[in-house]
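Asks: predicted model and sequence below, questions to follow.
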Protein chains: 2
Amino acid sequence: MLRKHWRAENILRDHGTKVTPQRVAILRAVGSARSHPDVDAVYRVVSRGYPNISRDTVYRTLAMMEEKKIIGSILFVGNAKRYDPVTAQHHHLVCTRCRSIFDFEEKKFDHLAPPSSSVERFKVVRTTVHVEGICYACQGLSRV
Amino acid sequence: MLRKHWRAENILRDHGTKVTPQRVAILRAVGSARSHPDVDAVYRVVSRGYPNISRDTVYRTLAMMEEKKIIGSILFVGNAKRYDPVTAQHHHLVCTRCRSIFDFEEKKFDHLAPPSSSVERFKVVRTTVHVEGICYACQGLSRV
DNA sequence: CATCAGATAGGGTTTATTCTTAAATAGGAA
DNA sequence: TTCCTATTTAAGAATAAACCCTATCTGATG
């Protein structure tokens, strides 16, 4: 968990990584972002202080921080958009290892109501449950 | 909803689109897919019957079919992976128009249990609720 | 302050997706 | 059936996200 009163340097040190100016700038950029920045948004912010920083550094650093649980990310459903013959309401099991996706149906999940405070200005169209985990085929395999 | 006893031709005609052999083949490929095929998987299947079909045709056709609700797709969270300073369990409101993402917390959603039959061979790591809809800023805008 | 494992910059590669344009064709009209 | 035209398609180029490669540099330790 990222806490504002921790200095970025300490967070990095406590996770056993080298503390470089680029990493500090990247962590601060993510930590102070209001929305969910994508890699390029982080890159643009950090570039103001480090005009020569490489995009690859931003990619590597964000991946490292996610790996070490310093930051989180929204589940990435795969590089390719996936289509589905089923248009009825259903939910998904997503294997985070091989990115296979399995459907399941659960009527109880079809109309989950988020806290009213969070959706008072948001027009809800559909609610879906994403279950992340490891599929059977991947359970026997080593974790790469 | 795609129904097996409807002929692909009729489905297309009923939705007011021209019926071409490529479209019929694409619709059949999606309709008979067991998993969630991505564009390239559909392309590979259809290529067996139409060796010269263009990838672009598959992209365009799938997008058209989704637009007309002939098929569905899994929520696409954006082209770029998005990072988040919050690592605690939380859920998301996703604006399908501008792709903004908003967090919300709801303890009740943190440990939703899918039907045991669907996860008996799946090792659950995390359960997340994705609420799709239109954010406040987009509600006043026309639908493009 | 010398060393070196690990990090960076810069550029190239891969892959998904979209665009461009000329040729082909579905479906309605004659 | 044949013709006409708006749509659709094929092919390849263009764009963009993400990742890889390598020479160079540097933070942290002794």
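Replies: Perfect, I can see it now.

Asks: partners of the worst-scoring helix or strand of chain A on mean pLDDT, with directions?
Replies: Using mean pLDDT, DSSP states H and E, the weakest-scoring helix or strand in chain A turns out to be strand A:83-84, at a mean of 74. Strand A:83-84 has the following sheet partners, assigned by DSSP bridges: strand B:72-73 (antiparallel).

Asks: what about the partner strand and DNA strand C, any contact?
Replies: No - Strand B:72-73 stays out of contact with DNA strand C when judged by C-beta under 7 Å from any atom of the strand, the minimum separation being 9.8 Å. C-beta here means a position set from N, CA and C on the backbone, and glycine is covered the same way.

Asks: model confidence over that strand, on average?
Replies: Per-residue pLDDT values over strand B:72-73 give a mean of 76.

Asks: most centrally placed residue in chain A?
Replies: Closest to where the C-alpha atoms of chain A average out (C-alpha atoms, centre = their mean) is residue A:73, at 1.2 Å.

Asks: report the contact partners of it.
Replies: Shown in contact with residue A:73 (C-beta atoms under 8 Å, 6 or more residues apart in numbering or on different chains): A:66, B:81, B:82, B:83, B:84.

Asks: can you list the residues of chain A near DNA strand C?
Replies: A:17-18, A:20, A:22-23, A:50, A:52-57, A:60-61, A:79-81.

Asks: what helices or strands is the strand ranked longest in chain A leaning on?
Replies: Counting by DSSP state E, the longest strand found in chain A is strand A:123-134. Where contact means 3 or more C-beta pairs under 8 Å, 6 or more residues apart in numbering or on different chains; DSSP states H and E, strand A:123-134 is packed against strand A:91-95, strand B:123-134.

Asks: which parts of it are buried?
Replies: A:127, A:128, A:129, A:130, A:131, A:132, A:133, A:134 (16 or more other C-beta atoms under 10 Å in any protein chain shown).

Asks: ok, stretch A:46-65 next?
Replies: A:46, A:53, A:57, A:58, A:61, A:62, A:64, A:65.

Asks: and if you look at stretch A:83-94?
Replies: Applying 16+ other C-beta under 10 Å to stretch A:83-94 flags A:83, A:84, A:85, A:90, A:91, A:92, A:93, A:94 as buried.

Asks: output the longest helix seen in chain A as CSV, restricted to C-alpha atoms.
Replies: Secondary structure of chain A per DSSP state H: the longest helix is helix A:55-67. The C-alpha coordinates for helix A:55-67 follow below in CSV (Å, rounded to 0.1, in the frame of the first residue of the first chain):
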residue,chain,number,x,y,z
ARG,A,55,9.7,4.6,-22.2
ASP,A,56,11.2,1.2,-21.6
THR,A,57,12.4,2.4,-18.2
VAL,A,58,8.9,3.4,-17.3
TYR,A,59,7.5,0.0,-18.5
ARG,A,60,10.2,-1.9,-16.6
THR,A,61,9.8,0.1,-13.5
LEU,A,62,6.0,-0.1,-13.3
ALA,A,63,6.2,-3.8,-13.9
MET,A,64,8.8,-4.2,-11.2
MET,A,65,6.7,-2.2,-8.7
GLU,A,66,3.6,-4.2,-9.5
GLU,A,67,5.6,-7.4,-9.0
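
Asks: what are the contacting residues of that helix?
Replies: A:17, A:22-23, A:26-27, A:30, A:39-40, A:42-43, A:46, A:71-73, B:83.
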